[in-house]
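A.B. asks: need a 3D model of the sequence below.
(chains A and B, ligands or ions: 3)
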Amino acid sequence: MNGNYGWGLPIQASTFAKEIDLGIYAIHGIMFAIFILWSVFFVYLLVRYRARPGVPSEHWETGTLQSMIPDLIVLGIEICLILFYALPAWSRIKMTVPPEGKSNVVEIVAEQFAWTVHYPGADAKFGRSNAALVDAQNPAGLDAADDAGKDDVVTVNELHIPLGKPTVVYLSSKDVIHSLFIPEFRVKQDAMPGMKIPVWFEPTLTGKFEIGCAQLCGIAHSIMRADVFVHTPEEYEKWLAAQHPQTQPY
Amino acid sequence: MTHHDSHHGHGPDDFISKYVFSVDHKVIGLQYLITSLLFLLFGFILIMVLRWQLAYPDQPIPFIGNLILGSTGGVVTPELYNQLGAMHGTIMIFLGVVPLGVAAFGNYVLPLQIGAPDMAFPRLNMMSYWIYLPGGLLMLSSFIMPGGAAQSGWTSYPPLSIINPGQTVWLLAMVLIITSSLLGSINFLVTTLNMRAEGMSLMRMPIFVWAQFVTAVLLLLAFPPLEAASILQLMDRVAGTSFYLPAGLVVNGEALKVSGGGQPLLWQHLFWFLAHPEVYVLILPAMGICAEIIANNTRKPLFGYKELVGSMMFIGGMSFVVWAHHMFLSGMSASLGNFFLVTTMIISVPSVAVLTCLVYSLKGGSIRFTTAMLFALAFLPMFGIGGLTGLPLGITVTDIYLHDTYYVIGHFHYVVVTGSIIALMAGVYHWFPKWFGRKMSEGLGKLHFWTTIVCMNGIFFPMFITGLAGQQRRLYDPTAQLHNLTTQPLNVVSSVFAWLLFLAQLPFIWNFFRSIWHGEKVGDNPWEATTLEWACPSPPPHGNFEKPPKVYRGPYEYNVGKKAAWVPQHVAEVKA
Ligand code: HEM
Ligand SMILES: [Cu+2]
Ligand SMILES: [Cu+2]
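C.D. replies: Ligands and ions are numbered 1, 2, ... in the order given. Now for the predicted structure:
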C-alpha cells in the first residue's frame, strides 16, 4: 500500500465507489468461475480424446438447444447484469445530476497540460469568462466587468471541495480532449472542447486524492495531474474565505 | 475465352510478371504473407523500444540506445514515445494482422478451398497489393519526415490529431491502405459467390471460407466511412476546414484560427463505426483458421457447422451497432450508452457460441497434437480471457473506472495477440506444406509454441492488475502519478517478457526460412485433410487444379458413416 493505492483497486472515497466496485468484483468472480469450469472441461477433453492407436474418432452431435446451453447461461448472466446492475446504477451515476441548489458547483477547464478550477464564490454565480482574457494572472479568463465574477475564485491543478454534499463539475476543455480521472472516486469523464459536460461525485472521506488525465492529450499527458482536497464543511468555508477573489486587485 | 485460358496451363515465365507484378492469387498471397509478417515485426520492434520507457522511465536504453536514438543519448523522448504508441497500433492492425489474416491467408487458401482456378478479378488483386505496399511504406516513411510520425494514437482523435505534427502522412497512407482493403474485399465476395466448383454449395464451404466471406462484407461496409472521415480530417489539416473543430479553441495561449462549427465527437463516431467491425475483421479469419485445424486434427466433423456459420453472420451484422461502447465517457448522451450496452451484451453471445462449438468439436475426437493444432487449441482459452475481460468494459458502470486504463490494453491484446496472432501462427504451420511442398520442423515449432505462450501471458496478464490499480494507457511516464507507483514493478515484468517474446520468435524465423528449402518433403496432403486445397499439388501450379474439381460432400467428413477414416470433398464414391 502506498497511501490510497495498492495492488488492487484504490480506496473507495465517493458515495458510488462501492457500487462500481461491487460490479467489478462480481463480474470478475463470474469471469473467474466461468474460466475455471471451462478450463477443466477443456483439459479433460484434451486428455480423454488424445489420439491413441486403434481408437477411432467418433462423430458426436447434440440437439441445437442443448448445444446452446453455455451461450444461454452467458446471456442469462448478462441480462441480469443489465437489468439489476448496469441500467439502475448508470442512471444514478451518469444520467442524473444532483440539483445545483443542494450541491457544490465548480467549473473545470482542461488544457495542455493543466486543470483550471473556477469556483463561483459566495454568490453561487459564475462570472463571465472569455478565452481572450486568459493570461498567467488570470488563468480562467474572468471578465472583471461582470459583477457575478467579483467573488469568484480560481485555482490551478488543485480542486478544493467540501465533504457532506455532492460536487457538480462543469467540465470543458480549451484545446484538445482530456479526461478527468479521480481513481479513488471512481470518476472518469472526457473533457470535450466545445462542450460543457456535467460530472458529479460526493466524497466520503477528507484528505488528498489524485486527478489524472486519462485521454492522450499531447507530449506531457503523463504529467497532467492535479490534487483534490476534500475538507470538512467548516474547513472548506475557511479555505474559501482565505482565497483572494480572482478579479480583485491586490 | 482467353481470360479463362490464362488461368490454366503455364503462367508467365519472366521473373517480373511471375513474382513481382503477379496476378496469381498464390503469389499475391505469399507477397502479402511476407510483407505483413515484416510489418508485424516492425510494429513489435517499436513496442519493444516503448516498453523500455515504461519499465525504466527516463533512463537511456543500454547498449543499443546510442545506436538507434543517437540525438538523445538513448533516451526515449515524449514525442518519440507518442509516435511509437500511435504507429505501433496503426501498423499492427492495418498493416500487420488484417493483411495477414485476410489478404495473405484469404488470397492463398480461399480460392483453393472453393475449387477455383484464381480470384474473380486477378488484376484487381494485384492492384490491391500494389496499393497496400506503397501505403505501408508511406506510413513507415513518416518516421524520417520533418515532424516525425503521427503521435495522436492510432485512434487519431481531433483536435489533438489536427494540431499535432505527423498526422498528414498518416492520413494519406490510411487512404491508400483503405482503398487496397476495399478492392480486396470486393474480390473476395465475388470470388466466393461466383467461382465455386461444381457441387460446392454454400453450406458445403469450409468454415474458413465463411469467415473470410463475412470479413469481406465487414471491410466493404465499414471502411468507406473511415476513408471519408480521414479525408475530412486531412481537409481540416491542410485546407483550413473545421469539420471536427468547434469555435473558440485556444492552443498554447493562442486562439486557433478556424471558423469552428465542427464536432470532435463526429470523428469518434465515424472512426469507431469502422474500428469496432475491424476487431471482428481481426478475429473472424482467426476463428476460421482454428476451425479448419481443429476439424483436421480431431479427425471428426466440426460440432455445429450451421451454428458456426449462423454465429459468424450474426456477429458480422451486430458489429455495426455496437461502436459507441468505446465512447461511453466521451460526452455523448449518457442515455445513448444504454443502447450500446445492450447491443454489446447481445453480440457477445454468438462469440461464446463459436467458442463453444470449437470446444465441443474436441469431444469424441482422436486429437493429434501437431504444432498447428497446439496453436489452434491455445487460441480457445486465450481468446476466452480476451472475451471475458471485455465484459466489465462493455458494462457501462464498470467501464467508468476501467476505460482508458491498462485493463483495456490487456483485454484487447488477449484478443488480438493471444487470439488472432496465435491463430495466424497456427495457420502458417498448417498451410506451409501447401505453399512450399515441405513441412516446418515440428520440434522447433513446439519450442516456438511453448515459449511464445508463456511470454505472451507474461506481457499481458500484468496489465490487468496495473489497469485495476488505475494506470492509464498512453502514459509516457506512469511513475509521474502517485496511483501508479505500487504496481510499477509489473511494468518491468511486462517489458521483460516482451523482449523475451522477441527471442522466442527467432526459432520461428529460422524454421520458416530453413524449411522453405530444406524442410522435410511432403506429399500433396500431409495432414490427411478433406478440404479442396489439399486436392491439388503442393505448391499448386498456375491455375491450381489439373481439371476443375467436383464436390460431392461437406467439408469435414472424417470418420463419418464408418466407411473410411476420411473422405475428401472431391471424392465421389467410397468403397466400403
Ligand atoms: C506482440 C507483442 C505486442 C506487445 C508487447 C504490445 C504492447 C502494447 C503496449 C504496451 C501498448 C500500450 C502503449 C501505450 O501505452 O501507449 C500497446 C498498444 C496497442 N497495441 Fe500492442 N502489443 C503487441 C502486439 C499488438 C498487436 C498484434 C496488435 C494489433 C493487432 C496491437 C495493437 C495495439 C493497439 C491498437 C494499441 C493502442 C495504441 C494506442 O493507444 O494508440 N498490439 N501495445
Ligand atoms: Cu490531458
Ligand atoms: Cu468495439
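A.B. asks: what helix or strand is B:Ser311 on?
C.D. replies: Using DSSP states H and E, B:Ser311 sits within helix B:305-318.
A.B. asks: output that helix as PDB, nothing but the C-alphas.
C.D. replies: Presented in PDB, the C-alpha positions along helix B:305-318 are these (Å, rounded to 0.1, in the frame of the first residue of the first chain):
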ATOM      1  CA  TYR B 305     -21.400 -26.300 -38.600                       C
ATOM      2  CA  LYS B 306     -24.600 -24.400 -39.100                       C
ATOM      3  CA  GLU B 307     -24.300 -22.800 -35.700                       C
ATOM      4  CA  LEU B 308     -20.800 -21.600 -36.500                       C
ATOM      5  CA  VAL B 309     -22.000 -20.100 -39.800                       C
ATOM      6  CA  GLY B 310     -25.000 -18.500 -38.200                       C
ATOM      7  CA  SER B 311     -23.000 -17.100 -35.400                       C
ATOM      8  CA  MET B 312     -20.400 -15.600 -37.700                       C
ATOM      9  CA  MET B 313     -23.100 -13.900 -39.800                       C
ATOM     10  CA  PHE B 314     -24.800 -12.600 -36.600                       C
ATOM     11  CA  ILE B 315     -21.600 -11.300 -35.300                       C
ATOM     12  CA  GLY B 316     -21.000  -9.600 -38.600                       C
ATOM     13  CA  GLY B 317     -24.400  -7.900 -38.600                       C
ATOM     14  CA  MET B 318     -24.400  -6.900 -35.000                       C
END
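A.B. asks: ok and the residue in chain B nearest chain A?
C.D. replies: B:Pro246 (2.7 Å; C-beta to the nearest C-beta). Every residue, glycine included, has its C-beta placed from N, CA and C.
A.B. asks: by proximity to chain B, which residue of chain A wins?
C.D. replies: Nearest to chain B in chain A, going by C-beta to the nearest C-beta, is A:Gly194, at a distance of 2.7 Å.
A.B. asks: pull the contacting residues for that residue.
C.D. replies: A:172, B:246-249, B:260, B:263-264 (C-beta atoms under 8 Å, 6 or more residues apart in numbering or on different chains).
A.B. asks: where in the chain is pLDDT low?
C.D. replies: Answering for chain A, as no chain was given. Scanning chain A for pLDDT under 70 picks out A:1-2, A:250.
A.B. asks: nope, chain B please
C.D. replies: B:1-11, B:562-563, B:575-576.
A.B. asks: if we can go back for a sec, could you check how far the residue of chain B closest to chain A is from B:Leu358?
C.D. replies: Per C-beta to C-beta, to the nearest Å, B:Pro246 is found 48 Å from B:Leu358.
A.B. asks: cool, B:Val416 as well?
C.D. replies: Distance, B:Val416 to B:Leu358, by C-beta to C-beta: 18 Å.
A.B. asks: same deal with A:Ile108?
C.D. replies: Computed as C-beta to C-beta, the A:Ile108 to B:Leu358 distance reads 49 Å.
A.B. asks: residues contacting stretch B:388-398, please?
C.D. replies: A:19-20, A:23-24, A:27-28, A:30-31, A:34-35, A:78, A:81-82, A:85-86, A:89-90, A:93-94, B:325, B:328, B:337-338, B:341, B:344-345, B:348, B:399, B:402-403, B:407-408, B:410-411, B:414-415, B:464.
A.B. asks: quick check on the residues you listed: which are buried?
C.D. replies: Among the contacts of stretch B:388-398, the ones that count as buried by 16 or more other C-beta atoms under 10 Å in any protein chain shown are A:19-20, A:23-24, A:27-28, A:30-31, A:34, A:78, A:81-82, A:85-86, A:89-90, A:93-94, B:325, B:328, B:337-338, B:341, B:344-345, B:348, B:399, B:402-403, B:407-408, B:410-411, B:414-415, B:464.
A.B. asks: circling back to that earlier point, narrow the contacts of stretch B:388-398 to those in helices?
C.D. replies: Among those, DSSP state H puts A:19-20, A:23-24, A:27-28, A:30-31, A:34-35, A:78, A:89-90, B:337-338, B:341, B:344-345, B:348, B:399, B:402, B:407-408, B:410-411, B:414-415, B:464 in helices.
A.B. asks: who's in contact with the closest residue to ligand 1 within chain A?
C.D. replies: Nearest to ligand 1 in chain A, going by C-beta to the nearest ligand atom, is A:Leu216, at a distance of 7.0 Å. A:Leu216 makes contact with B:82, B:85, B:152-153, B:157, B:160, B:473-474 under the criterion C-beta under 8 Å, 6+ apart.
A.B. asks: which residue packs closest to B:Phe243, ignoring adjacent ones?
C.D. replies: Spatial nearest neighbour of B:Phe243, chain neighbours left out: B:Leu232 (4.4 Å); criterion: C-beta to C-beta, 6 or more residues apart in numbering or on different chains.
A.B. asks: noted, bye for now.
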